[in-house]
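Participant: got a structure for you, letters missing:
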């Protein structure tokens, strides 16, 4: 077990400079802001405690249209209900930090507050990445920027890719999750159409800004209806840019070296990195938290371990999440796999 001591986290926490020589700023440096980019677009279905660890979600198929005329006095053949079941199993994620009493007494930083803040951010990054990886593994409505496979990708996104993504989602009846708005009286403002939320990374966003028909958020934000983190729109697509702060493995999905050999676009060792634009239709992706236990902070005070901590020297703080997630309609999720400019 890695324990926070007076000299460090798992490795070493730099000691404060001599206060007689250098002013020590006790305010913590800000971390990059991160929204729950993927989790926020999931439909939510909770599972009550003591109801088992598995959940089955059921969808009934639509009936074909009844186009044939009725014959007087004769009932039609009728229909039989048909359903598709989706099963998922609860799993748990979590982490913790152990702190000594000596570290708490001697460090200039309030290390318990620091630990709680960083663990909270870790929990958010982790669960958003878990949701991302399930959603991005969908099998319906996959658009490759060139060719028919990820391994052949060597070009950046273009308007045709975006149009095909919109068309495929609409043809499959995916409902849009974001409303449109009218143009405002300010010069240069534009109306917006309803749209599908799309998650991508800063590299692809740079290319999107150069496409005809793309509108940056400042051209329509005064019209209202924008979401936190929204960066721009293209027709029925609404873009959110999800970075990966400090290369934690969070943010929009990127398959490094996943494409074809190329030296003219973003690449790793000469092989194109494949970037993802992930689009959500309503109820295409579902998150199932355990009711009352989805994400919680767990603190163990000094001495709470009993004889394992006889001198009240160690306390811990951590988080734990109990949930599951699943794609509940492959055709109501969509994605573009593309390269990005250098």
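Facilitator: Nice, thanks for sending it over. Quick caveat, the model's predicted, so the values are computed rather than measured.
Participant: The helix or strand where residue 57 lies - contacts with which helices or strands?
Facilitator: Using DSSP states H and E, residue 57 sits within strand 54-60. When contacts are defined as 3 or more CB pairs under 8 Å, 6 or more residues apart in numbering; DSSP states H and E, strand 54-60 packs onto strand 83-89, strand 285-289. Where you see a C-beta, it was placed from the backbone N, CA and C, and this is true even at glycine.
Participant: most tightly surrounded among the ones you listed?
Facilitator: Comparing the helices and strands packed on strand 54-60 by mean neighbour count (mean count of other CB atoms under 10 Å), strand 285-289 ranks first with a mean of 22.
Participant: what's that one packed up against?
Facilitator: Under the contact definition 3+ CB pairs under 8 Å, 6+ apart, strand 285-289 sits against strand 43-44, strand 54-60, helix 111-135, strand 314-327.
Participant: just the angle between that strand and helix 111-135, please?
Facilitator: Angle, strand 285-289 to helix 111-135, by axes from the mean of the first three to the mean of the last three CA atoms, to 10 degrees: 140 degrees.
Participant: Touching strand 285-289 from outside, list them.
Facilitator: By CB atoms under 8 Å, 6 or more residues apart in numbering, the list of residues contacting strand 285-289 from outside reads 39, 41-47, 55, 57, 86, 88, 90, 131, 134-135, 295, 321-328, 332-333.
Participant: before we move on, what about stretch 306-322?
Facilitator: Stretch 306-322 has contacts (CB under 8 Å, 6+ apart) with 3, 90-102, 104, 112, 115-116, 119-120, 122-123, 126-127, 289-290, 293-305.
Participant: Show me which parts of it are buried, residue by residue.
Facilitator: By neighbour count on 16 or more other CB atoms under 10 Å, the buried set for stretch 306-322 is 309, 314-322.
Participant: could I get the residues you listed as a markdown table with distance to residue 206 and pLDDT?
Facilitator: Putting these into a markdown table (distance: CB to CB, whole Å; pLDDT from 0 to 100) gives the following:
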| residue | distance to residue 206 | pLDDT |
| --- | --- | --- |
| 309 | 52 | 89 |
| 314 | 47 | 90 |
| 315 | 45 | 89 |
| 316 | 43 | 90 |
| 317 | 39 | 88 |
| 318 | 38 | 90 |
| 319 | 34 | 91 |
| 320 | 38 | 91 |
| 321 | 33 | 91 |
| 322 | 38 | 92 |
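Participant: Tell me the one of those nearest residue 281?
Facilitator: residue 321 (25.2 Å; CB to CB).
Participant: Roughly how far does the closest one sit from residue 285?
Facilitator: Using CB to CB, to the nearest Å, we find residue 321 at a distance of 17 Å from residue 285.
Participant: Now residue 36: closest residue in space that isn't a chain neighbour?
Facilitator: Nearest non-adjacent residue to residue 36, counting by CB to CB, 6 or more residues apart in numbering: residue 128, 5.0 Å away.
Participant: pretty sure that neighbour is in contact with residue 250, am I right?
Facilitator: Yes - if you go by CB atoms under 8 Å, residue 128 and residue 250 touch, sitting 6.3 Å apart.
Participant: shared neighbours of those two, anything?
Facilitator: residue 34.
Participant: Residue 276 is in contact with residue 135, correct?
Facilitator: No - counting by CB under 8 Å, residue 135 does not reach residue 276; the two are 9.9 Å apart.
Participant: neighbour-wise, which of the two wins?
Facilitator: A count of neighbours by other CB atoms under 10 Å puts residue 135 above the other of residue 135 and residue 276, at 26 against 23.
Participant: Spatially central residue for the chain, please.
Facilitator: residue 38 (2.4 Å; CA atoms, centre = their mean).
Participant: tell me the mean pLDDT for the strand holding residue 57?
Facilitator: Strand 54-60 shows a mean pLDDT of 88.
Participant: who's in contact with that strand?
Facilitator: So strand 54-60 is in contact with 45, 47, 81-90, 286, 288, 324, 326, 328-329, going by CB under 8 Å, 6+ apart.
Participant: The same query, at a cut-off of 10 Å, please.
Facilitator: For strand 54-60, the external contacting residues (CB atoms under 10 Å, 6 or more residues apart in numbering) are 43, 45-48, 81-90, 283, 286, 288, 290, 324, 326, 328-329.
Participant: what ranges do the helices span in the stretch 101-250 of the chain?
Facilitator: Along the stretch 101-250 of the chain, the stretches classed as helices by DSSP state H, counting those that start in this stretch are 101-106, 111-135, 159-171, 202-208.
Participant: Which one, of those, ends up nearest to residue 141?
Facilitator: Residue 141 lies closest to helix 159-171 among the helices of the stretch 101-250 of the chain, at 4.4 Å (CB to CB).
Participant: quick one: buried residues of that closest one?
Facilitator: 161-163, 165-166, 168-169.
Participant: And for stretch 263-281?
Facilitator: Buried residues in stretch 263-281, defined by neighbour count with 16+ other CB under 10 Å: 265-267, 271-281.
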